[in-house]
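A.B. asks: I need the structure of the sequence given here:
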Amino acid sequence: MGLFFAWIIGEGVIFWRWGKLGAPPTPGVLALSSALFAGCAVIGAYPPARTAATAFAFAVDLAVLLQVAGKDPKGVTGWPPPAIDNPSVILPPGGSTSGTQAAA
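C.D. replies: Here you go, the predicted structure:
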């Protein structure tokens, strides 16, 4: 259960950091951090190593939090994506629809 909470805290730090950048986190960042915690869970499946794996997971959370806390995020997120200026691309209208269509 401790590894689950360490994973949730780690993902929360990632979402908080990317939220300060004004963009959603990329799937690669989430997959990489989840793989780290999954590796800790695999190691923690061996009962004598469970405490060490859990402590390592929380230590990683603390280290990442200390690296990002109090600093202005710097980076290019590419968010929001640029508008499509290609006239051959057909996109739905941007306005809201009422669910009924007018007769033509």
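A.B. asks: drop to CA atoms for contacts and neighbour counts, all remaining ones
C.D. replies: OK.
A.B. asks: ranges for the helices of the chain?
C.D. replies: 2-21, 27-44, 50-68 (DSSP state H).
A.B. asks: contact partners of stretch 20-36?
C.D. replies: Contacting residues not belonging to stretch 20-36 are listed as 7, 10-11, 14-15, 18-19, 73-75, 77, 79-80 [Cα atoms under 8 Å, 6 or more residues apart in numbering].
A.B. asks: Now tabulate those in a markdown table and tack on distance to Cys40.
C.D. replies: Listed next are the contacts of stretch 20-36 as a markdown table, based on distance: Cα to Cα, whole Å:
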| residue | distance to Cys40 |
| --- | --- |
| Trp7 | 10 |
| Gly10 | 13 |
| Glu11 | 15 |
| Ile14 | 18 |
| Phe15 | 21 |
| Trp18 | 24 |
| Gly19 | 26 |
| Pro73 | 28 |
| Lys74 | 29 |
| Gly75 | 29 |
| Thr77 | 29 |
| Trp79 | 32 |
| Pro80 | 34 |
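A.B. asks: can you put the residues you listed in a markdown table and add pLDDT, distance to Pro27 and neighbour count?
C.D. replies: Formatted as a markdown table, those follow (pLDDT from 0 to 100; distance: Cα to Cα, whole Å; neighbours: other Cα atoms under 10 Å):
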| residue | pLDDT | distance to Pro27 | neighbour count |
| --- | --- | --- | --- |
| Trp7 | 93 | 15 | 24 |
| Gly10 | 93 | 14 | 23 |
| Glu11 | 93 | 12 | 18 |
| Ile14 | 90 | 11 | 22 |
| Phe15 | 91 | 11 | 17 |
| Trp18 | 86 | 12 | 17 |
| Gly19 | 85 | 14 | 13 |
| Pro73 | 70 | 19 | 14 |
| Lys74 | 73 | 19 | 8 |
| Gly75 | 71 | 16 | 8 |
| Thr77 | 72 | 13 | 14 |
| Trp79 | 73 | 14 | 10 |
| Pro80 | 72 | 16 | 9 |
